[in-house]
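Q: Model the structure of this input:
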Amino acid sequence: MRVVALDVGERRIGVAVSDATLTLARPVGVVRVSSLGAGALQAAASEIARLAAEEDGVSTVVVGLPRRLDGSPSDLTARIRAFAADLGRVTQLPIVLQDERLTSREAESRLALTDRDWRSRKRRLDAAAAAVMLQDYLDARPGPSIPLAVDPGH
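A: A predicted model of the protein is given here:
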């Protein structure tokens with residue numbers, strides 16, 4: 001099973017997906033929407049269904065929850081919460097809200113290391129931000145402990 005992450009904005013939804021081991025996140029693309037209403041909900045649900053059909057299935061959806069830097073709700077916080085609740089009803093998948101503070105800034109910094117063209121970076125930014133957010137989610141999950149290799153000679 002895999003986890004899908006959505007970085008939901010008013011015009012675009014960045015999409016990322018985990019690998020089957022729930023270890024690594026990768027950006028998938030961007031879904032363009034005209035507003036954060038029913039059209040966005042349908043577009044996101046369709047993209048999740050497409051990923052579920054292509055990949056090993058989707059077990060969870062992580063939706064980025066916007067907040068101000070001090071942790072207080074932003075202008076979009078309530079709308080994203082409502083969107084996430086509706087998405088859960090439509091997809092019948094568990095929805096996890098994940099703090100998305102500074103994910104776009106980190107994604108921009110990472111993209112700038114390999115791509116000098118700001119137009120190219122802008123097209124990929126939302127999906128990259130979704131991947132940063134998903135990686136944070138995956139890294140915070142409790143997982144199996146991996147024993148350290150021990151050199152018996154020391």
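
Q: which stretches of the chain form strands?
A: Taking DSSP state E to define them, one finds strands in the chain at 2-8, 12-18, 25-32, 58-65, 95-99.

Q: what bits of the protein have low per-residue confidence?
A: Confidence mapping of the chain against pLDDT under 70 gives the ranges 36-37, 52-53, 55, 101-102, 105-125, 143-154.

Q: my guess is V132 meets T103, correct?
A: Yes: here V132 reaches T103: they are 4.5 Å apart, a contact under CB atoms under 8 Å. In this view, the C-beta of every residue, glycine as well, is placed from N, C-alpha and C.

Q: returning to what we had before: in a markdown table, list the strands of the chain along with mean neighbour count and distance to G71.
A: Listed next are those as a markdown table, based on neighbours: other CB atoms under 10 Å; distance: least, CB to CB, whole Å:
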| stretch | mean neighbour count | distance to G71 |
| --- | --- | --- |
| strand 2-8 | 26 | 19 |
| strand 12-18 | 25 | 22 |
| strand 25-32 | 19 | 23 |
| strand 58-65 | 22 | 11 |
| strand 95-99 | 16 | 8 |
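
Q: Any idea which of those strands gets closest to D126?
A: Among these, strand 12-18 comes nearest to D126, with 3.0 Å by CB to CB.

Q: ok and the closest one relative to strand 2-8, angle-wise?
A: Between strand 12-18 and strand 2-8, the angle comes out at 160 degrees (axes from the mean of the first three to the mean of the last three CA atoms, to 10 degrees).

Q: Any chance you could list what contacts strand 12-18?
A: Under the contact criterion CB atoms under 8 Å, 6 or more residues apart in numbering, strand 12-18 has outside partners 2-7, 24-33, 40, 43-44, 47, 51, 55, 58, 125-131, 133-134, 138.
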